[in-house]
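Student: Provide a 3D model corresponding to the input given below.
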Amino acid sequence: MVRKKRTGPGGSGEASGESSGASGQGSSQRTERTQQHGGGRGWVPQQGGRGGGQHQGRGGHYQGRGGPGPHHPGGGPPEYHPREYHGRGGEYQGRGGDYQGRGGPRPRGGMPQPYYGGHRGGSVGRNVPPGPSRTVPELHQAPYVQYQAPMVSPSPSGPGSSSQPMAEVSSGHVQQQFQQLAIRGQTSTSQEIQVAPASSKSLRFPLRPGKGTYGDRCIVKANHFFAELPDKDLHQYDVSITPEVTSRGVNRAVMGELVTLYRQSQLGGRLPAYDGRKSLYTAGPLPFTSRTFEISLQDEEDSLSGGQGGQRRERVFRVVIKFAARADLHHLAMFLAGRQADAPQEALQVLDIVLRELPTARYSPVGRSFYSPNLGRRQQLGEGLESWRGFYQSIRPTQMGLSLNIDMSSTAFIEPLPVIDFVAQLLNRDISVRPLSDSDRVKIKKALRGVKVEVTHRGNMRRKYRISGLTSQATRELSFPVDDRGTVKTVVQYFMETYGFSIQHTTLPCLQVGNQQRPNYLPMEVCKIVEGQRYSKRLNEKQITALLKVTCQRPRERELDILQTVHHNAYYEDPYAQEFGIRIDERLAAVEARVLPPPRLKYHDSGRERDVLPRVGQWNMMNKKMVNGGRVSNWVCINFSRNVQDSAARSFCDELANMCQISGMDFALQPVLPPLTARPEHVERALKARYQDAMNILRPQGRELDLLIVILPDNNGSLYGDLKRICETDLGLVSQCCLTKHVFKMSKQYLANVALKINVKVGGRNTVLVDALTRRIPLVSDRPTIIFGADVTHPHPGEDSSPSIAAVVASQDWPEVTKYAGLVSAQAHRQELIQDLFKVWQDPQRGTITGGMIKELLISFKRATGQKPQRIIFYRDGVSEGQFYQVLLYELDAIRKACASLEPNYQPPVTFVVVQKRHHTRLFANNHNDQRTVDRSGNILPAMLAFREQAAQLIIMSCGMRTSLQLMSCRL
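Tutor: Residues are numbered from 1 along each chain as shown. Prediction:
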């Protein structure tokens with residue numbers, strides 16, 4: 001049955017099993033019961049039942065934990081290293097994980113309601129190991145009474161000022177800021193039930209309870225450099241610059257000129273640090289509380305490249321400096337001493353601004369990073385882009401004191417080329433040979449809009465302009481009035497008569513600069529792109545590959561580059577650091593770490609090896625069989641690669657099917673139809689036609705199509721995303737993609753790895769932890785526990801109309817905690833809070849209805865295991881430090897509401913864990929030659945934990961190919 005997008009109210013807890021002849025009746029009976037009880041029956045889906053309701057899929061979309069391979073920090077067996085990583089939403093076939101972007105293939109266009117995976121192997125699918133045979137009790141749920149989300153004032157230090165992790169949150173503490181949730185029944189025996197308010201723990205992160213002791217201790221080095229806390233009296237001043245400008249560069253230039261002119265006479269000899277906006281900081285008071293200055297600054301757009309030229313135009317700015325407050329470092333000292341829970345962000349911000357002042361003047365700042373062509377060799381990325389090397393810098397509070405975090409970085413800049421050469425690189429052809437097509441013009445306009453150029457036809461006068469568009473006419477066809485009498489001249493004629501410049505490329509369009517009311521036309525050949533402009537749009541696949549080659553370093557090389565950067569920056573000579581009394585150590589910080597022992601993995605008893613203990617994070621599938629092999633009775637293959645012949649595709653499919661059987665799956669050796677070769681541009685037509693052809697054979701027999709194997713070109717652009725979207729949202733079909741290069745190699749390691757992926761997709765389990773079977777996993781095995789994982793994927797810069805996609809997965813078995821169901825939902829553009837965790841809406845017949853992703857996954861867990869969760873562990877990815885409080889309060893509140901909507905007084909304890917991968921802490925071995933602490937690539941061993949920050953933050957490292965990859969920072 002085709003799985004359809006959700007059309008009814010989202011998050012209603014609806015689910016269905018396989019479609020059957022009795023599905024309509026089951027749905028009708030279920031609907032009647034839910035109408036009698038208003039809001040539904042708690043742990044029972046509010047619509048649909050098995051085989052009914054709106055969802056016509058075949059259960060939830062289960063995924064293995066970290067991919068279908070045996071669980072370890074990187075996914076499946078790491079020996080299998082074919083890497084197919086198609087961008088952020090691609091299919092990573094290297095280590096057993098089929099990562100659907102960060103939560104599934106991103107849908108095209110708006111998607112107002114969640115849509116759910118309907119893959120076989122879901123909670124009620126045929127291939128899932130059956131749960132308890134007893135009937136799951138239907139717990140009564142009283143109708144939901146709408147409740148106002150709590151509005152909680154943050155702590156005095158501001159939101160995000162704490163980085164302490166959060167322990168299990170119970171319902172025992174009452175907090176005045178939270179309103180109570182009343183649930184009233186509508187039957188004759190109704191009673192008012194007060195749901196316990198959220199714990200006060202959710203308002204403030206708890207202090208670290210202690211240190212871990214498990215594992216082998218060792219010492220590692222971190223890219224943190226200890227800083228001495230200044231013993232200065234810091235003052236903050238408000239700065240107002242008129243006329244107001246939006247450029248931080250102009251603001252800094254104005255303040256720089258002010259300090260140069262008046263430091264000794266008006267500023268009392270102070271050297272202030274400026275944030276580029278509204279705040280100025282000094283080490284000691286200025287000799288006034290408020291003063292006004294007038295500063296004259298040369299206009300950048302009329303700057304001269306030499307000492308001779310035309311008249312310079314100056315702008316006059318009025319600067320008002322007014323005392324605001326004293327920056328207190330006492331709370332920072334208390335926090336570093338462990339006597340205060342919340343990090344004072346204001347004090348850290350002041351120190352950060354001071355240490356950024358000199359690098360901002362030397363390099364090109366981008367966020368918290370600094371780039372320069374002098375920090376490393378430029379590398380061309382293609383289509384007019386190049387990579388610049390740079391470094392990231394941030395002041396951080398750690399358990400050992402204040403430290404400066406330095407890390408190497410690279411990003412894309414626009415090459416400072418003549419515009420003619422840039423366009424030739426962009427189009428990859430000689431633009432003088434044939435005229436530009438409409439698609440060429442669109443591509444050029446998109447690439448050059450907002451780019452700053454300087455003119456080259458006026459000698460030393462290098463006036464700068466920002467490109468606003470492209471003319472629709474060729475240069476030779478453009479004319480404009482030159483005086484008030486209406487005299488009209490062509491652009492070609494004007495440049496010859498005024499500047500003596502003969503335009504050669506008259507068939508090309510002109511660049512349009514200035515505003516739309518009074519546009520100016522500049523021929524491409526008189527313009528050159530100004531150096532130092534970062535490229536902020538999305539890179540294509542070739543550019544990403546070229547940038548990765550530049551940035552990928554072995555750990556020892558990265559460590560040396562970091563040390564050289566610190567030495568080059570010479571913080572001990574930094575006049576701003578000296579002014580404020582900040583001293584930076586030039587040695588890497590030594591950090592105590594522990595290497596955890598690997599978990600033993602259980603495989604099927606029919607294999608030669610029934611369990612395995614990974615070594616250095618690695619193991620293989622030789623002599624082992626999947627612990628629960630899935631069933632694939634009906635499958636087809638479509639080949640979208642022109643380089644793969646039909647015979648090669650058939651041979652590959654035969655080998656893959658045989659490997660699936662050897663690994664322990666019940667896999668049909670022959671497909672329903674022979675492999676089909678299709679063109680990539682006809683992907684939707686080919687998929688739907690082949691699906692219908694297969695169903696025409698299977699439907700009369702009462703069977704379904706279980707799997708689609710797809711062969712893709714190595715460079716497939718958007719083909720992968722289109723294919724996954726169609727399979728997931730239109731066909732409800734499990735798919736497995738394979739690249740052309742692997743079809744030709746046909747490595748047994750690769751085939752075994754793909755078999756692991758397929759097994760999890762169809763509802764099987766590759767392995768389980770021995771400790772899970774013996775009930776020895778702390779905080780998981782002692783009572784029924786559900787583990788959630790959640791993240792939000794945001795559109796790339798420039799995609800202003802695309803929605804953000806929220807994804808939530810949850811474990812569906814216990815105590816194994818190996819099988820996961822996943823839900824995805826579209827939400828507002830770049831909205832980090834997950835909106836559909838819990839939802840309430842009004843139904844004309846049934847009244848107030850509750851639902852959402854948390855509720856549906858809790859119901860699914862109950863159906864699969866026969867018991868409700870008594871503990872919730874919620875892993876949340878992608879949250880910045882400034883959003884901790886906001887996300888915690890909103891999403892923890894949604895979890896509590898979802899629990900309360902299922903059963904009165906049902907409030908299991910919640911552990912909320914924020915996982916951060918996008919940080920800049922890197923760990924290096926204390927001795928790079930010590931094989932006890934490093935692997936063969938030079939990385940420190942996987943499963944290593946090191947305490948980094950004051951908030952009991954953990955760093956967990958898994959295997960990296962060449963450099964220190966997959967460092968995860970967890971706030972518990």
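Student: got a pLDDT number for Ser369?
Tutor: For Ser369, the pLDDT comes out at 96.
Student: what pairs with it across the strands?
Tutor: Val366, Tyr392 (DSSP bridges).
Student: That one reaches Gln393, doesn't it?
Tutor: Yes. Between Ser369 and Gln393 a contact is recorded at 7.4 Å, counting by C-beta atoms under 8 Å. C-beta: built from backbone N, CA, C; applies to glycine.
Student: Tell me which of these two has more neighbours.
Tutor: Gln393 (24 against 21; other C-beta atoms under 10 Å).
Student: so that one touches Ile353, yeah?
Tutor: No. If you go by C-beta under 8 Å, Gln393 and Ile353 don't touch, sitting 11.5 Å apart.
Student: Now for Val492: which residues touch it?
Tutor: Thr475, Arg476, Ile503, Thr506 (C-beta atoms under 8 Å, 6 or more residues apart in numbering).
Student: switch to 10 Å and redo it
Tutor: Going by C-beta atoms under 10 Å, 6 or more residues apart in numbering, Val492 touches Thr475, Arg476, Glu477, Leu478, Ser479, Phe501, Ser502, Ile503, Thr506, Pro523.
Student: element containing it, please.
Tutor: Taking DSSP states H and E as the definition, Val492 sits inside helix 491-499.
Student: ok, then the element right after that helix?
Tutor: Using DSSP H and E, the next helix or strand after helix 491-499 towards the C-terminus is strand 509-513.
Student: That next one pairs with which strands, parallel or anti?
Tutor: Strands that pair with strand 509-513, judged by DSSP bridges, come out as strand 464-474 (antiparallel), strand 520-523 (antiparallel).
Student: that older thread, what touches both of Ser369 and Gln393?
Tutor: Shared contacts of Ser369 and Gln393, counting by C-beta under 10 Å, 6+ apart, come down to Pro359, Asp407, Ser409, His920.
Student: Of the residues you listed, which is the most crowded?
Tutor: Asp407 (22 neighbours).
Student: which one of the strands paired with strand 509-513 is the most hemmed in?
Tutor: Highest mean neighbour count among those (mean count of other C-beta atoms under 10 Å): strand 520-523, with a mean of 20.
Student: just checking, next helix/strand downstream of that strand?
Tutor: Downstream of strand 520-523, the first helix or strand assigned by DSSP H and E is strand 527-529.
Student: Inside strands: which ones of the shared contacts of Ser369 and Gln393?
Tutor: Judged by DSSP state E, the subset of those located in strands is Asp407, Ser409.
Student: so which of the shared contacts of Ser369 and Gln393 comes closest to Ala546?
Tutor: Distance to Ala546 across the shared contacts of Ser369 and Gln393 (C-beta to C-beta) is lowest for Ser409, with 15.8 Å.
Student: Okay, the closest one and Glu415: tell me how far apart.
Tutor: 19 Å (C-beta to C-beta, to the nearest Å).
Student: swap in Thr921?
Tutor: Counting by C-beta to C-beta, the gap from Thr921 to Glu415 is 32 Å.
Student: neighbour-wise, which of these two wins?
Tutor: Relative neighbour count places Thr921 above the other of Thr921 and Glu415, with 23 against 19, counting by other C-beta under 10 Å.
Student: so the more buried one sits right up against Val591, yeah?
Tutor: Yes. If you go by C-beta atoms under 10 Å, Thr921 and Val591 touch, sitting 9.4 Å apart.
Student: got a list of contacts for stretch 240-260?
Tutor: Residues outside stretch 240-260 that contact it (C-beta under 10 Å, 6+ apart): 239, 266-267, 270-278, 280, 292-300, 315-322, 357, 360-361, 364-365.
Student: hmm, 7 Å instead?
Tutor: 267, 272, 274, 276-277, 293, 295, 297, 317-320, 360 (C-beta atoms under 7 Å, 6 or more residues apart in numbering).
Student: Do a quick rundown of the strands in the stretch 601-750 of the chain.
Tutor: Here the stretch 601-750 of the chain has its strands, by DSSP state E, counting those that start in this stretch, at 601-602, 611-612, 631-632, 635-639, 666-667, 676-677, 707-712, 735-739.
Student: Kindly report the same for the stretch 301-450 of the chain.
Tutor: Secondary structure of the stretch 301-450 of the chain by DSSP E, counting those that start in this stretch: the strands cover 314-327, 364-366, 369-371, 379-382, 385-398, 401-414.
Student: List the buried residues in the first one.
Tutor: Applying a neighbour-count criterion of 16 or more other C-beta atoms under 10 Å, one finds Phe317, Val319, Ile321, Phe323, Ala324, Ala327 buried in strand 314-327.
Student: Now do the end-to-end distance for stretch 655-670.
Tutor: With C-alpha to C-alpha, to the nearest Å as the measure, stretch 655-670 spans 11 Å from end to end.
Student: So which residues make contact with that stretch?
Tutor: Outside stretch 655-670, the residues that touch it by C-beta under 7 Å, 6+ apart are 604, 621, 625-626, 629-635, 709, 746, 751-752, 754-755, 758-759, 764.
Student: Swap in 6 Å and give it another go.
Tutor: Residues outside stretch 655-670 that contact it (C-beta atoms under 6 Å, 6 or more residues apart in numbering): 604, 625-626, 629-633, 746, 751-752, 755, 759.
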